[in-house]
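1. generate coordinates for the sequence data below:
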Amino acid sequence: MAFPPKDRRGFNPRFRQPEPEHRINDRIRVAQVRLVGDNVTPGVYATQDALKIAQAQELDLVEISPNADPPVVKVIDYKKFLYEKKKKEKEMKANSKQSEVKEIRFTPGTDDHDFDFKSKHAEKFLKDGNKVKCYVQFRGRAIMFQDRGQVLLLKFAERLAEVGALEGMPKMEGKRMIAMFAPKGTKKKA
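-> Residues are numbered from 1 along each chain as shown. Sure thing, here's the model as predicted:
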């Protein structure tokens, strides 16, 4: 395995330490800071005094809010702080559900039973908080029956009026007539 060449000073760019996300301990370069944390009297301190307080507790001085005047620092174990922050971000990501777009396909000659069956699926999708894209697919000479497709989609919109809202009138895109539905109200769990 070949390593990248070192420059004149012996510096190897491959093994450079990443900069920490927050300024900690000696990297805090302001004269005064607002100190917070457990087992600490909150207040404005000189940076050196705040650093001594943190060292006495064998903890780190972490700059939490650098834009405040004076910057806010906290006496805390830095690794534990990063772990809890990462854990909280992961939890927030898991809780935020991405809404999907579900598709439902019709043809101009879709009969009542299929229409009811697909309507029930669309209602379930909308109740789960997903958008529904329904379209009428025209094949061959069926393109002459665009009015049937529009009537079908408007009937579908009427059927879903309680749980979903039609985002716009049905429109043609190529050989498809498309209508989008967005969920109404709050998300319900089944």
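2. show me where pLDDT drops low in the protein?
-> Applying pLDDT under 70 to the chain flags residues 1-20, 97, 185-190.
3. what about the helices in it?
-> 47-56, 78-95, 112-127, 146-159 (DSSP state H).
4. dump those helices into JSON lines; add mean neighbour count and distance to Arg23 as well.
-> (Glycine included, C-beta is placed from N, CA and C.) What follows is the helices of the chain, written out as JSON lines (neighbours: other C-beta atoms under 10 Å; distance: least, C-beta to C-beta, whole Å):
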{"stretch": "helix 47-56", "mean neighbour count": "16", "distance to Arg23": "11"}
{"stretch": "helix 78-95", "mean neighbour count": "11", "distance to Arg23": "11"}
{"stretch": "helix 112-127", "mean neighbour count": "15", "distance to Arg23": "48"}
{"stretch": "helix 146-159", "mean neighbour count": "17", "distance to Arg23": "56"}
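5. mind putting the ones you listed in TSV, distance to Leu35 included?
-> Compiled in TSV, the helices of the chain are given as follows (distance: least, C-beta to C-beta, whole Å):
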stretch	distance to Leu35
helix 47-56	5
helix 78-95	15
helix 112-127	50
helix 146-159	60
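6. of those helices, which approaches Tyr135 most closely?
-> Closest approach to Tyr135 among the helices of the chain is made by helix 146-159 (8.1 Å; C-beta to C-beta).
7. show me what that closest one is packed against.
-> strand 101-106, helix 112-127, strand 131-137, strand 176-183 (3 or more C-beta pairs under 8 Å, 6 or more residues apart in numbering; DSSP states H and E).
8. given the first one, what are its sheet partners and their directions?
-> Looking back up the chat, that one is strand 101-106. strand 131-137 (parallel) (DSSP bridges).
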